[in-house]
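Colleague: next one to model:
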Amino acid sequence: MAGSVKVTLKDGSVREVLSGTTLAELASSISRSLGKAVLAAGINGEIKDLSDTLTEDVSVAFYTFEDEEGRHAFRHTSSHVLAQAVKRLFPEAKFAIGPAIANGYYYDIDVPEPFKPEDLAKIQKEMEKIVKEDLPLVRSQVSRQEALDLFAAQGEIYKVEIIQDLPEDAVITLYRQGEFLDLCAGPHLPSTGKIKAIQLQSLAGAYWRGDEKRKMLQRVYGTSFEKKTELDAYLLMLEEAAKRDHRKLGRELDLFSIQEEGPGFPFFHPKGMVVRNELEAFWRTIHFKYDYQEIKTPIILHQKLWQQSGHWDHYRENMYFTSIDDEGYAVKPMNCPGGILVYRSQHHSYRDFPLRTAELGLVHRHEISGALHGLMRVRSFTQDDAHIFLLPSQIKAEIQRTIGLFKEVYSVFGLSYHAELSTKPEKAMGAQEIWDLTTNALKEAMDEIEMPYRINEGDGAFYGPKIDFHLKDSIGRTWQCGTIQLDMQMPEKFDLTYVGEDGLKHRPVMIHRVVYGSIERFIGILIEHYAGAFPVWLAPVQVKILPITARQAEYAEKLAASMKEQFVRVEVDSRNEKIGYKIREAQMAKIPYVLVVGDKEMESGQVAVRKRGEGDLGATTVESFMRQLKTDVAEKKI
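Modeller: Residues are numbered from 1 along each chain as shown. Below is the predicted model:
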């Protein structure tokens with residue numbers, strides 16, 4: 001075909017089309033349904049607008065709303081519609097950034113007077129009008145100076161600042177829809193008309209560029225979907241999430257609190273400590289099974305350690321400091337340097353490897369006050385760190401073994417997950433060849449066991465690539481928890497060695513990994529995952545005994561005493577209240593088992609069992625009930 005190009009599609013098939021064919025035209029030529037559904041496309045892995053043309057042989061992938069890339073383009077365009085609506089209603093508004101985020105988008109806006117909640121309804125109505133106008137999004141490119149002149153003339157001071165940070169020879173991409181022009185790299189939908197269902201959700205304050213010394217902007221959050229039914233389902237899920245909010249349930253179930261005397265520093269109450277202690281006990285059991293040795297390292301260590309580790313240069317803004325004997329010290333933000341010192345305290349041989357050490361280590365990291373959120377984002381938390389020292393030849397097997405441990409742990413809680421491989425960040429240390437070597441080692445380990453994963457470019461730790469585990473909870477939300485990080489930098493920085501088979505000193509490889517991530521955050525996730533109704537083995541109170549009248553109080557107390565001897569967490573409610581009221585209160589407290597005892601049960605030595613979620617199970621012997629309870633605990637039944 002004269003003037004044609006070859007296009008390799010995702011399924012491996014090859015099509016030949018005329019040079020200059022747009023991606024939209026190619027999609028429609030493949031199938032009418034694809035032409036209607038496609039939102040963006042990838043050319044050789046780079047995401048593009050559908051208006052881009054094909055001028056050479058390439059690989060092409062098409063993305064719909066089912067794909068992350070398609071949803072990103074959809075919601076990024078929605079943020080531009082939001083900005084255009086605000087500009088129409090509030091002409092004096094100045095715009096900062098408006099990215100797509102997980103499940104939605106936001107735009108940071110500078111307005112003379114803060115938005116009021118009722119303003120959201122007006123803005124959303126204007127957005128729906130812009131969607132009906134079906135305005136095409138037209139991309140153009142200008143020089144850096146042209147862009148500066150253009151946005152300076154409009155008084156868009158934030159856009160000007162963004163452009164000033166770009167190189168002198170940068171080519172700037174702009175998008176116009178109707179009268180509205182925005183600075184943006186794209187990609188975007190072909191027109192505003194594709195956005196069928198919009199919902200503005202909330203307002204928040206956001207410092208420009210996250211800097212507390214800069215101006216506080218108005219952040220408007222929203223979401224959007226292709227169909228109203230999908231939006232309605234999502235909003236219903238948010239309602240359920242609000243009911244499960246761990247901060248609300250934490251108060252109601254008396255698990256933890258955040259006090260004004262310690263913002264970002266959680267206080268665990270007795271019932272919260274039960275959950276925490278059970279999680280730690282399970283952690284110790286599983287790590288014993290997988291041949292880890294537990295260690296403990298200090299919270300405060302000398303400044304020179306953090307300089308040697310690289311944290312001083314790469315992480316200092318997140319650290320807390322103190323002075324001891326007129327010398328600088330830092331409160332540890334991570335456990336790894338302490339673990340390295342434990343390794344270095346002895347000589348090691350290749351026969352010791354893999355050497356697995358694990359620590360429940362309390363760390364402190366500075367978070368700005370606006371980012372703090374219950375147990376999910378705090379300033380002090382306990383990481384369930386492990387540091388594995390091994391030979392290069394052991395990397396693949398040890399990564400796979402660690403993945404096996406993660407699978408076993410998450411399955412106990414009924415949490416599914418997906419994995420992401422995070423690669424070298426912009427701010428990193430070490431040679432590129434080491435990054436290539438370690439990144440490929442993680443890829444090969446996952447590929448060999450056919451474990452699905454996504455690539456998360458540029459989100460690795462500053463000292464090495466990592467595999468991040470994103471857990472899915474019972475209402476479909478994802479949470480990043482577990483991490484496996486491969487590190488050849490720290491052993492070099494700390495001159496770690498072992499004696500090899502040849503009798504010479506060699507450098508070990510180091511793996512950093514956490515399963516829970518942060519115990520505090522994991523507890524927050526579990527509270528929301530279970531909606532506060534913990535499985536029996538985790539429940540702060542496993543059994544509540546309810547005597548119907550004062551006559552059965554002594555019998556109830558004796559039952560409780562015998563259960564406590566068998567390490568059952570049990571309470572007796574002997575208040576002079578109606579039994580129905582006491583049952584409802586026990587249900588509100590989400591107690592797994594409620595035992596009702598009246599004269600009949602007292603005389604027969606039985607209990608009437610009510611099980612959370614199942615209701616009245618009838619009367620049974622105490623021995624039979626205890627067998628069931630112990631089975632639930634031993635098998636960690638959900």
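Colleague: residue ranges of the strands in the stretch 201-350 of the chain, please?
Modeller: Along the stretch 201-350 of the chain, the stretches classed as strands by DSSP state E, counting those that start in this stretch are 216-225, 256-257, 267-268, 293-294, 300-302, 320-324, 327-331.
Colleague: give me the helices and strands touching the third one, please.
Modeller: Other elements packing on strand 267-268 under the criterion 3 or more Cβ pairs under 8 Å, 6 or more residues apart in numbering; DSSP states H and E are strand 256-257. Where C-beta positions appear, they are placed from N, C-alpha and C, glycine not excepted.
Colleague: contacts for the strand it packs on, please.
Modeller: Residues from elsewhere that reach strand 256-257 (Cβ atoms under 8 Å, 6 or more residues apart in numbering): 250-251, 266-269, 272, 375, 523.
Colleague: now stretch 54-73: how far from the chain's centre is it?
Modeller: 25 Å (Cα atoms, centre = their mean, to the nearest Å).
Colleague: with stretch 431-446 instead?
Modeller: 24 Å.
Colleague: buried ones in it?
Modeller: Neighbour counts over stretch 431-446 (16 or more other Cβ atoms under 10 Å) mark 434-435, 437-439, 441-443, 445-446 as buried.
Colleague: what's in contact with that stretch?
Modeller: By Cβ under 8 Å, 6+ apart, stretch 431-446 touches 395-396, 399-400, 403, 419, 421, 423-424, 428, 453, 464-467, 484, 486-489.
Colleague: what about that stretch, average pLDDT?
Modeller: The average pLDDT within stretch 431-446 is 86.
Colleague: count the residues that sit near residue 337.
Modeller: 21 (other Cβ atoms under 10 Å).
Colleague: and residue 1, what pLDDT?
Modeller: Reported pLDDT for residue 1: 49.
Colleague: ok, now residue 594?
Modeller: The per-residue pLDDT reported for residue 594 equals 97.
Colleague: closest one to residue 68 among the strands of the stretch 201-350 of the chain?
Modeller: strand 216-225 (14.5 Å; Cβ to Cβ).
Colleague: neighbours around residue 545, how many?
Modeller: Residue 545 has 25 nearby residues by other Cβ under 10 Å.
Colleague: my read: residue 322 touches residue 331, true?
Modeller: Yes. In this structure, residue 322 is within contact of residue 331 by Cβ atoms under 8 Å, at 6.9 Å.
Colleague: list residues touching both of these two?
Modeller: residue 300.
Colleague: can you map out the strands along the stretch 1-150 of the chain?
Modeller: Using DSSP E, counting those that start in this stretch, strands in the stretch 1-150 of the chain cover 4-8, 14-18, 40-43, 46-48, 58-63, 94-95, 100-101, 104-110, 138-143.
Colleague: to residue 497, which of these lies closest?
Modeller: strand 46-48 (43.4 Å).
Colleague: what pairs with that closest one, and is each one parallel or antiparallel?
Modeller: Using DSSP bridges, the strands paired with strand 46-48 in its sheet are strand 40-43 (antiparallel).
Colleague: so what's the gap between the top helix by length along the chain and the chain middle?
Modeller: Longest helix in the chain by number of residues, with DSSP state H as the criterion: helix 68-89. Computed by Cα atoms, centre = their mean, the chain-centroid distance of helix 68-89 equals 24 Å.
Colleague: got the angle for that helix vs strand 216-225?
Modeller: 130 degrees (axes from the mean of the first three to the mean of the last three Cα atoms, to 10 degrees).
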